[in-house]
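[1] give me the fold of what follows.
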Amino acid sequence: MKTKAFKAALPYTMPICVGFLFLGTSYGFLMSSKGFPFVYPMLMSLFIFAGSMEFVTVELLLATFNPIYAFFLALMVNARHLFYGISMLEKYQHTGWKKTYLIYGMCDESFTINYMAMVPTDIDKGWFMFFVTLLNHIYWVVGSTLGALIGKVIHIEATGIEFVMTALFVVMFINQWEDTENHRPALTGVLCSLFCLVLFGNQNFLLPAMVLIILCFSIDQRKKTRS
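    Here you go, the predicted structure:
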């Protein structure tokens, strides 16, 4: 059962592996350039496991100690995970002890795969989601650690390498568009995001966009229930 779930999960995570190794390596380079030993990015990737927040944490570690500011900054940067969690409440049911790790290790990429993947009926979904989460976690830790180690020996210009993850999400969006006949959810997400981008700007649009998307889906679900 575990072996079949692992074999089913691995192909889904291979594109993530490429992106995480590139982006994790750039993060390791950054930490190394700031004078941190490789243990810092390795442990931060293992325990924080939030790419955007880890990049922000570099400056927090170099700035004046301010735990309240750090708390609210982390909450703002990762607020989208509140909505991810709500979306996964039903899927994480009946997963036993794995549920704790699934919640802890849910990143953007793991959420996308676990939410959208069509898992065959003969494969345990709990183990499938567990291995997706675990593999993505491993990719990120390995990439960050390698980047920090290599950064101590070779100085490489990594500016712009973070665009790898943007490209990865575009590919995922296209694949999901091609795999489904109903494009209404995807169009709702795109239109809500564009509307909030224009209204709130590129620094503040993410959270309002997610609230608006949830609201649209809730209204649509109520209409379906009534009909």
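
[2] what ranges does this protein have for its helices?
    With DSSP state H, the ranges of helices along the chain come out as 2-33, 39-47, 51-62, 67-77, 80-87, 98-104, 108-116, 125-153, 163-179, 184-200, 206-226.

[3] where does this structure have its least confident helix or strand?
    Lowest by mean pLDDT, DSSP states H and E among the helices and strands of the chain is helix 163-179, with a mean of 69.

[4] any weak-confidence spans in this structure?
    Counting by pLDDT under 70, the chain contains low-confidence ranges at 155-169, 172, 176, 227.

[5] care to break it down by domain?
    Per the record, the chain has its domains at 2-161, 181-227, by automatic domain parsing.

[6] out of the ones you listed, which one sits most buried?
    Highest mean neighbour count of those: domain 2-161, a mean of 17 (counted as mean count of other C-beta atoms under 10 Å). Quick note: C-beta positions are derived from backbone N, CA and C, even for glycine.

[7] closest to the centroid, which residue in this structure?
    Closest to where the C-alpha atoms of the chain average out (C-alpha atoms, centre = their mean) is residue 108, at 2.0 Å.

[8] now that residue: how far from residue 81?
    Taking C-beta to C-beta, to the nearest Å as the measure, residue 108 falls 9 Å from residue 81.

[9] now swap in residue 115 and tell me
    13 Å.

[10] do the same with residue 133
    Counting by C-beta to C-beta, the gap from residue 133 to residue 81 is 13 Å.

[11] what residues are shared contacts of these two?
    Listed as contacting both residue 133 and residue 81 by C-beta atoms under 8 Å, 6 or more residues apart in numbering are residue 106.

[12] quick one: contacts for the residue nearest to residue 5 when sequence neighbours are not counted?
    Spatial nearest neighbour of residue 5, chain neighbours left out: residue 127 (3.6 Å); criterion: C-beta to C-beta, 6 or more residues apart in numbering. Residues counted as contacts of residue 127 (C-beta under 8 Å, 6+ apart) are 1-2, 5-6, 98.

[13] and stretch 198-209, how far from the chain's centre?
    Chain-centre distance of stretch 198-209: 19 Å, with C-alpha atoms, centre = their mean, to the nearest Å.

[14] swap that for stretch 8-21, please
    13 Å.

[15] what does stretch 206-215 give?
    That offset, for stretch 206-215, works out to 17 Å (C-alpha atoms, centre = their mean).

[16] quick one: residues in contact with that stretch.
    76, 79-80, 83, 86, 188-189, 192-193, 195-197, 199-200.

[17] mind redoing it with 6 Å?
    Applying C-beta atoms under 6 Å, 6 or more residues apart in numbering, the external contacts of stretch 206-215 come out as 79-80, 83, 189, 192-193, 196, 200.

[18] any chance of these in a markdown table, with distance to residue 142 too?
    Converted to a markdown table, the contacts of stretch 206-215 look like this (distance: C-beta to C-beta, whole Å):
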| residue | distance to residue 142 |
| --- | --- |
| 79 | 28 |
| 80 | 25 |
| 83 | 28 |
| 189 | 31 |
| 192 | 35 |
| 193 | 31 |
| 196 | 35 |
| 200 | 36 |
